[in-house]
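Asks: when you get a sec, could you give me coordinates for this:
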Amino acid sequence: MKTKQPNLHADHRQRVRSLVQAQGFDGMADHNLLEFLLFYAIPRRDTNELAHRLIAQFGSLAQVLEAPPERLAQVEGVGERTALLLSAVFALHCRLARGDGKEKVRLETPEDLISFLRPRFHGVQKETAFLLCMDANGKLRNCCKLGEGSAEAVVVDKRAVMEVALRCNASVAVLAHNHPNGIAAPSREDLLLTEECVSMLRTVNIRLADHIIEGGGEYLSLASVRKFQSIFL
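Replies: The predicted structure is shown next:
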């Protein structure tokens with residue numbers, strides 16, 4: 001007759017759960033928080049060592065959660081179930097970060113813009129362009145996708161920029177696009193598009209305040225770089 005093998009990690013897991021119940025999540029180290037999350041995908045193995053290994057391999061807790069499921073699944077000890085759970089956590093974060101609730105999102109600084117855009121560019125393998133339309137106080141009216149191209153380029157119709165900004169009754173607008181296979185630096189075409197949109201929107205009293213470029217997970221605000229600031233004046 002087979003006897004049921006005890007779960008050697010049950011006591012440790014209960015101690016971690018008790019710590020969470022007593023102190024909450026805010027004070028937990030990243031690897032402990034990840035270990036706790038892994039409890040629900042890996043019921044009978046030590047997840048502490050795996051949490052440390054994931055963070056070491058990807059660089060941080062954020063980068064673990066941002067990693068595509070197929071990359072996560074390649075790590076020893078991470079199966080499909082675990083990879084999908086971690087990806088689902090990040091997807092939930094993205095949905096909340098997009099400001100889908102009733103509260104108006106206020107985008108006043110390059111950091112605000114980048115935080116808002118990060119979930120929209122995460123994992124995107126094609127160049128994609130957005131126009132963010134705000135009122136005079138920086139409250140977001142709409143974030144509209146202007147187009148989606150190939151891995152190397154996206155065509156932005158300047159007339160569409162004008163139409164979207166007017167339709168949203170914007171006072172301020174911000175362009176944003178990504179370089180999936182490149183770096184967060186403007187091409188000659190990016191700078192030309194920015195200059196043309198600044199001039200065009202100015203004719204209808206709309207200010208193009210910035211052009212955010214994503215590449216390799218990094219972000220660049222053209223309006224924050226001294227040599228490009230004159231474009232927006």
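
Asks: ok, longest helix in the chain?
Replies: Secondary structure of the chain per DSSP state H: the longest helix is helix 80-97.

Asks: which parts of the next helix or strand after it are buried?
Replies: Proceeding N to C from helix 80-97, the next assigned helix or strand is helix 110-121, under DSSP states H and E. Buried residues in helix 110-121, counted by 16 or more other Cβ atoms under 10 Å: 110, 113-114, 116-121. Placement of C-beta: from N, CA and C, glycine included.

Asks: biggest separation within the residues you listed, which pair?
Replies: Using Cβ to Cβ, these reach their maximum pairwise distance at 110 and 119, which is 16.6 Å.

Asks: what's the mean pLDDT across stretch 51-59?
Replies: Stretch 51-59 shows a mean pLDDT of 91.

Asks: do stretch 181-194 as well
Replies: Mean per-residue pLDDT for stretch 181-194: 94.

Asks: list the buried residues in the helix or strand of the chain with the lowest mean pLDDT.
Replies: The weakest-scoring helix or strand in the chain, judged by mean pLDDT, DSSP states H and E, is helix 10-23 (a mean of 76). Neighbour-count burial for helix 10-23, counted by 16+ other Cβ under 10 Å, picks out 13, 16.

Asks: ranges for the strands of the chain?
Replies: Secondary structure of the chain by DSSP state E: the strands cover 128-134, 140-148, 172-179, 207-215, 218-221.

Asks: looking at these, which has the lowest confidence?
Replies: Of all the strands of the chain, strand 140-148 carries the lowest average pLDDT, namely a mean of 89.

Asks: each with direction, which strands does it pair with?
Replies: strand 128-134 (antiparallel) (DSSP bridges).

Asks: can you give me the angle the partner strand makes with strand 172-179?
Replies: 160 degrees (axes from the mean of the first three to the mean of the last three Cα atoms, to 10 degrees).

Asks: and the closest residue to residue 120 other than its chain neighbours, what are its bridge partners?
Replies: Leaving aside its chain neighbours, residue 120 sits nearest to residue 130 (6.7 Å; criterion: Cβ to Cβ, 6 or more residues apart in numbering). Beta-bridge pairing for residue 130 (DSSP bridges): residue 145, residue 176.

Asks: show me what contacts residue 221?
Replies: Counting by Cβ atoms under 8 Å, 6 or more residues apart in numbering, residue 221 touches 110, 113-114, 210-212.

Asks: just put these in JSON lines and tack on distance to residue 161.
Replies: Below are those laid out as JSON lines (distance: Cβ to Cβ, whole Å):
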{"residue": "110", "distance to residue 161": "20"}
{"residue": "113", "distance to residue 161": "17"}
{"residue": "114", "distance to residue 161": "20"}
{"residue": "210", "distance to residue 161": "14"}
{"residue": "211", "distance to residue 161": "11"}
{"residue": "212", "distance to residue 161": "15"}
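
Asks: what comes up buried for stretch 213-224?
Replies: For stretch 213-224, a neighbour-count test (16+ other Cβ under 10 Å) marks 213-215, 219-223 as buried.

Asks: check contacts around the closest residue to residue 31 other than its chain neighbours.
Replies: In space, and not counting its chain neighbours, residue 31 is closest to residue 51: 4.6 Å by Cβ to Cβ, 6+ apart. Applying Cβ under 8 Å, 6+ apart, we find residue 51 in contact with 31-32, 34-35, 38.

Asks: appreciated, that's everything.
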